[in-house]
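K.L.:
Just to be clear, the model below is a prediction. Sequence and coordinates:
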Amino acid sequence: MGTGFILSQVLGGVALILVALSYFVKAKKSFLLLQTIANLFYAASFLFQGLFVAGVGTLISLCRALGLYILSAKKLDPPEQYLIILLACYFINASLFYQVPLDIMPLCTSCLFTLAFFVKDMKNVRYFMILPNVMLVVYGIITQCYTNALLDTMEVCILVSAIIYHHKDNKKKI
């Protein structure tokens with residue numbers, strides 16, 4: 001095991017903890033802040049494994065989450081142009097770092113995650129984030145990034161748990 005592999009696994013573990021916490025917060029502002037920090041660790045994890053479309057894409061995702069967090073803190077809705085700019089950045093990234101057809105997968109997941117972030121209702125955000133996470137599990141297995149695949153599998157489980165948790169919490173309030 002090389003140093004890069006070990007660092008990748010540690011950074012991915014930190015990202016997982018932050019992402020897990022983010023799905024259990026109620027305020028979108030807190031969710032976006034935790035996602036922003038987690039994206040930094042995810043990006044580093046991918047980059048240490050040489051997955052540049054995924055790694056640089058995750059850095060773009062960090063900017064996306066940070067921008068959405070700032071807008072949320074100011075109680076502003078993101079303009080549609082922001083969505084278009086983000087999607088363009090993901091496509092430019094994939095064009096620059098494309099190596100194999102599999103690199104299309106992190107492009108698709110980045111775009112799906114971005115669309116989820118533009119959904120206002122946190123309940124729907126959680127549902128919308130399941131598909132790209134499942135796609136990342138497959139991507140991790142195919143690229144032999146088994147720890148990343150495990151982390152994304154755990155994130156899917158955490159998402160489902162958060163959906164159930166909030167469903168029960170909403171029933172109690174009613």
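P.N.:
Thanks, I have it.

K.L.:
helices or strands next to the longest helix along the chain in the packing?
P.N.:
For the chain, the helix that runs over the most residues, judged by DSSP state H, is helix 146-173. In terms of contacts (3 or more CB pairs under 8 Å, 6 or more residues apart in numbering; DSSP states H and E), helix 146-173 is packed against helix 3-22, helix 122-128, helix 130-142. Where C-beta positions appear, they are placed from N, C-alpha and C, glycine not excepted.

K.L.:
how far is the second one from where the chain is centred?
P.N.:
Think helix 122-128. A distance of 13 Å separates the centroid of the chain from that of helix 122-128, by CA atoms, centre = their mean, to the nearest Å.

K.L.:
Would you check how far apart the nearest residue to Asp77 once chain neighbours are set aside and Lys173 are?
P.N.:
Excluding the flanking residues, the one nearest Asp77 by CB to CB, 6 or more residues apart in numbering is Leu71, at 7.1 Å. Distance of Leu71 to Lys173, given as CB to CB, to the nearest Å: 28 Å.

K.L.:
ok, back up a step: now the longest helix of the chain: buried residues?
P.N.:
The neighbour-count check on helix 146-173 (16 or more other CB atoms under 10 Å) flags 147-153, 155-156, 158-159, 162-163, 166 as buried.

K.L.:
quick one: which of those is nearest Leu83?
P.N.:
Nearest to Leu83 out of the buried residues of helix 146-173 is Leu159 (CB to CB; 22.0 Å).

K.L.:
who's in contact with the closest one?
P.N.:
Taking CB atoms under 8 Å, 6 or more residues apart in numbering as the contact definition, Leu159 lies against 23, 126, 129-130, 133.
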